[in-house]
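**Q** Predicted model and sequence follow; I will ask about them next.
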Amino acid sequence: MDGANGYEISNREEEDKDAGDTVQPLIPALQQKRRKLILHLDLNNTILVSDTATGQGLREALNSYLSTVVWGQIGNTGEWELISDQTSVKPPSQDAINYCTQFGRDGSFSDSKIGRVFKEVFTRHMGLLQWQGKADDLFTQREDGQLYHWILPSFFHLLSTLHQQGRPFSIILRTFGTDLPNVLQSVHAALAGKHPQFPQLQELPLSVELTPGKIRCNKRETVLTRGTTRVSTKGKERNIYDYFTAMSGIGGFQDHFDWWARNSFTSSGGKPLWIDPNDCDNLHIIIDDNIRLTETDTIVNSRVLLDNGKGRKASRNAPTSELYDICLVQTDLLRAIAEKDYFLDCVRACEENYETYFQKFLLRRQSYG
């Protein structure tokens, strides 16, 4: 699963102006091939509804998430007022403020005065999470005497369907928390045919690297380690990109929470993700509930690797808005619980949007002469 190589990267280079809204494909549709997918998936509030790092069980975690997708605004009295009884990952208006930002995450949100409006949503999704059958330490969690799914079925459906479609793909689990060893063990067991609802997973030729790695950041470099492997961006920033791209199967890495905290929880200290528009063969997508369109409150540090067509390499920071729903997906946890195709839909939308992004990039590169 290991692999890294790279080229020299210079400091930030200014991107050309947008090539326009309408893009005529430079590569005819019949010649376009489906790229290998490298899917970076968060754990908590993405494929899990619990958090061992914070001690949140299922009910608290789901309530806490609900408090981030309920929106209001400051009214004439100076008080926060609910403006919609519909949940949304994105603000419904420019002046909208979610409940969490105003009051903080609330592990008992649906029992609060404002949250009672969403009690039915909470109850319905708790019902969807209920496990049918005997308890299984690898795949279930117990709360209030009831059994629930630990890893969302939509995640396992993603693996099964991508295999059925013949798609080349790898999965990289990314978390600040401590759940990785247990999640990797459970996924490994599922791929051995032990998940009673997904026995077909044993047909997948996917290996699981059970040893979690770490990603650590400082001002000079980003360093990835796993076992005896060490990969650094020092001198060659694309090294970790190439390492991730070469991965096969499923693995996981603990990202650097302290670095994110020291950078005030802004994008500059977030989980690093490299994108290379020059790479016609691979597409990196990260799905995380803490991706936000506000750079001061988001979890991914996006780096675009560029080639100006004259042999000089460059990299630049990319704002979340540039890659939102292209390579960066903000998890809609309610959909991930309710819709088995949720993650597949995310991938399909990103592939379509990335093709437009890629064509625009080709036009800009062509303009270099």
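**A** Structure received.

**Q** buried sites along stretch 178-189?
**A** Residues of stretch 178-189 classed as buried: 179-180, 182-184, 186-189 (neighbour count, 16 or more other CB atoms under 10 Å). C-beta: built from backbone N, CA, C; applies to glycine.

**Q** Now for the nearest residue to residue 199 once chain neighbours are set aside: which residues touch it?
**A** Nearest non-adjacent residue to residue 199, counting by CB to CB, 6 or more residues apart in numbering: residue 193, 5.4 Å away. By CB atoms under 8 Å, 6 or more residues apart in numbering, the contact set of residue 193 is 199, 201-202.

**Q** could I get those as CSV with pLDDT, secondary structure and distance to residue 131?
**A** CSV is the format used below for the contacts of residue 193 (pLDDT from 0 to 100; DSSP: H, G, I helix; E, B strand; the rest coil; distance: CB to CB, whole Å):
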residue, pLDDT, secondary structure, distance to residue 131
199, 96, helix, 16
201, 97, helix, 17
202, 96, helix, 20
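
**Q** could you point out which element follows whichever helix or strand residue 190 is part of?
**A** Taking DSSP states H and E as the criterion, residue 190 maps to helix 180-191. Downstream of helix 180-191, the first helix or strand assigned by DSSP H and E is strand 213-217.

**Q** May I see the buried residues of that next one?
**A** So for strand 213-217, counting by 16+ other CB under 10 Å, buried means 213, 215, 217.

**Q** returning to what we had before: would you list the buried entries among the contacts of residue 193?
**A** With burial judged by 16+ other CB under 10 Å, the buried subset of the contacts of residue 193 is residue 201.

**Q** where does this structure have its least confident helix or strand?
**A** strand 313-318 (a mean of 80; mean pLDDT, DSSP states H and E).

**Q** Residue 59: what's it in contact with?
**A** With contact taken as CB under 8 Å, 6+ apart, residue 59 is in contact with 107, 126, 143-144.

**Q** Using the three-state scheme, assign residue 133.
**A** Look at residue 133: counting by DSSP: H, G, I helix; E, B strand; the rest coil, its state is coil.

**Q** pLDDT below threshold where in this structure?
**A** 1-33, 307-314, 366-369 (pLDDT under 70).

**Q** How many residues are close by residue 165?
**A** By the criterion of other CB atoms under 10 Å, residue 165 has 10 neighbours.

**Q** and if you look at residue 79?
**A** Residue 79: 9 surrounding residues under other CB under 10 Å.

**Q** what's the answer for residue 265, then?
**A** The burial count for residue 265: 16, using other CB under 10 Å.

**Q** Excluding residues flanking it in the chain, which one is nearest it?
**A** Leaving aside its sequence neighbours, residue 265 sits nearest to residue 297 (CB to CB, 6+ apart; 6.5 Å).
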